[in-house]
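**Q** Mind folding the following:
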Amino acid sequence: MNRKASVAVAAVLIATAAPVVNALDLSNVTVRARAVHLAPADKSGAIAALGAPADTIDVEDKWIPDLDFEYALTRHLALELLLTIPQKHKVVARETALGDDVALGTVTHLPPTLTAKYYFGTGALKPYVGAGLNLTWFVDDDLGVAGVGTLDVDNWSIGPALQAGVDVKLNPRWSLSFDAKRAWIRTDVSLGGTKLTKVKVDPWIVGAGVGYRLGN
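**A** Residues are numbered from 1 along each chain as shown. This is a model prediction of the structure:
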């Protein structure tokens, strides 16, 4: 997505969110802190410049913190915004002509995700499913191959996201949360302005945490 399109999307989201924020009822807001495991799918095309076959690029799995804000629209419907701090991942190329495990460097990204959720129950046990949008910003990359050159990735990725999970109500304010998301994150990798391959990060984001409902 180019810069103009990204600015336009951000402007629409801000304009849409402004009246909602002004009308927020804090009693409908739940804040959750989770520990989640981010496991990329690591799909990519063959890279002739590295003598590398398909699916050779390996983005590091890792545990990350996540902070969610949920707003209940009804007893069954809610909006959830997943936030985290920028995450740095090591990137390795497997089985290339230059070696089996070629360190390519690191990439740092910020992947906020907004989903609409449907709860099947309203009691102490509340399973749910959700769908929405992931907007990933690659805030920094330090990638390259010795003797070959510096690698670049696109700044933005926008794609769908799906989720499923369950909330366990402990009392009127506190709850436990178990959640699994799949986000579609793709970026082009280039060398000297020439595209080498498209990397499909497409991670599973699975974790557990605790929620607290605000308001009176």
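**Q** Now the terminal residues of stretch 45-58, how far apart.
**A** Stretch 45-58 has an end-to-end distance of 12 Å (criterion: C-alpha to C-alpha, to the nearest Å).
**Q** So that it lines up with my notes, have the first residue be 405 from now on.
**A** In the new count, where the first residue is 405, that last one comes out as stretch 449-462.
**Q** List the contacts of that stretch.
**A** Stretch 449-462 is contacted from outside by 446-448, 495-502, 506, 508, 549, 552, 593, 595, 600-603, using C-beta atoms under 8 Å, 6 or more residues apart in numbering. Glycine gets a C-beta too; all of them are placed from N, C-alpha and C.
**Q** what is the mean pLDDT for it?
**A** Mean pLDDT, stretch 449-462: 79.
**Q** If we go by neighbour counts, what in that stretch is buried?
**A** Across stretch 449-462, burial judged by 16 or more other C-beta atoms under 10 Å covers Gly449, Ile451, Ala453, Leu454, Ala456, Asp459, Thr460, Ile461, Asp462.
**Q** Now, of the contacts of stretch 449-462, which are buried?
**A** Here, 16+ other C-beta under 10 Å leaves 446, 448, 495-497, 500, 506, 508, 549, 593, 595, 600-601, 603 buried among those.
**Q** So which of the residues you listed belong to strands?
**A** Among these, the members found in strands (DSSP state E) are 448, 495-497, 500, 506, 508, 549, 593, 595, 600-601, 603.
**Q** got TSV for the residues you listed, with distance to Pro531 too?
**A** Formatted as TSV, these follow (distance: C-beta to C-beta, whole Å):
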residue	distance to Pro531
Ser448	35
Val495	36
Val496	37
Ala497	40
Thr500	44
Val506	44
Leu508	40
Val549	46
Val593	39
Leu595	46
Leu600	42
Thr601	39
Val603	33
